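Visitor: After the sequence you'll find the predicted model.
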Amino acid sequence: MIFCRSLNYVVFLMSVVVHDFSEGFMPESSSKGRYYFSSLLGNSYRSNTVISVVAPDTDVEVLETTTESTMDENPRKLGLALMLDDGTRKSHSMAQNTAFVSGFFKGIGTKSSFATLVTSLYFVYDAMEKAFDSTNEECVKDLDSGELRRIPSLERDMEYFYGPGWKDLIVPSEAAKKYVARVYEVASTEPYLLVAHQYTRYLGDLFGGQMMGGMATRSLGLESGKGTAFYTFDDIKSADKFITQWYRKLNELNLSDEQKAAIVDEANLVFDLNIDILEELEGSALQAVIMLALNSLKTRLGLRS
């Protein structure tokens, strides 16, 4: 009980301190003073109200952001897009969501932990993007996009953390090995399930990347743009427009009802694989939030360059 209340406060504190990092973080005009919080890892985590954490002794809830299309027909309210958003949101327990949040804060607790997190993501994306290149599955090809590819950015991050010889220094963690094995398994047996990996990773990164990269930079005192290239999508000028179009393509895929249901199940599995990567990180979630708060305050007071 004490841990749960402490973590509630950690998440609440984070929401107050870092709202300036996210365009999607804004107060809702309601008497309860709700806030919407956009996340990074796992697009299913980004869906409408996956997180609802009430800060102790307050009536403020920390919720995820929702990006709605300004067009009359919102593709997120139709077809496979709706199935994925709805199916992943409803399947996750509060314990899973709490593990996801606290795991990321552990990741930005120290530079070493953050380097470990980004390294694991390098191995995951290396497997994913090799699978996308080699597959003949049309639905995967239809959703693949050069603007989303993360390996070039992750390679820059690897060089920042480990130096020019980084390829000889890094090894995948146990959780990363498990994740990679799953990517290759579905690529060889049921490649249409790679759609779940595209949805969960790419859209989650695109929704929350700007904020999460900013949080890592501020918490760890990184040089601007250094070590966080992974979170930057230079070739996508409007994330909202890009995601809306991506959802439209998703809904147009030629898939059976059984295949669509299997993709939703796979997306939920991918969410758990991401939690495994976060849970193996060393560090303190509370320490990360405290450092984030202090560094944010220093910046506001003009005490940091």
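Guide: Looks like it arrived, so ask away.

Visitor: any weak-confidence spans in the stretch 151-300 of the chain?
Guide: 283-293, 295-300 (pLDDT under 70).

Visitor: mind listing the helices for it?
Guide: Along the stretch 151-300 of the chain, counting by DSSP state H, counting those that start in this stretch, helices occupy 151-162, 174-189, 194-197, 204-220, 239-251, 257-279, 285-300.

Visitor: In terms of secondary structure, what does the third one contact?
Guide: If contacts are counted by 3 or more Cβ pairs under 8 Å, 6 or more residues apart in numbering; DSSP states H and E, helix 194-197 sits against helix 111-134, helix 138-143, helix 174-189, helix 257-279. (C-beta placed from N, C-alpha, C; glycine too.)

Visitor: Report the buried residues of that helix.
Guide: 194, 195, 196, 197 (16 or more other Cβ atoms under 10 Å).

Visitor: got it, and the first one?
Guide: Using 16+ other Cβ under 10 Å as the burial criterion, the residues of helix 151-162 that qualify are 153, 154, 155, 156, 157, 158, 160, 161.

Visitor: Which member of those is positioned nearest residue 250?
Guide: Among the buried residues of helix 151-162, residue 153 lies closest to residue 250 (Cβ to Cβ), at 23.3 Å.

Visitor: thought the closest one was touching residue 227?
Guide: No - taking contacts as Cβ atoms under 8 Å, residue 153 lies outside contact range of residue 227: 10.7 Å.

Visitor: circling back: let me have the buried residues of helix 194-197 in CSV, adding distance to residue 238 as columns.
Guide: Converted to CSV, these look like this (distance: Cβ to Cβ, whole Å):
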residue, distance to residue 238
194, 25
195, 23
196, 25
197, 24
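
Visitor: Can you tell me which of those comes closest to residue 274?
Guide: Checking these one by one against residue 274 (Cβ to Cβ), the nearest turns out to be residue 197, at 10.7 Å.
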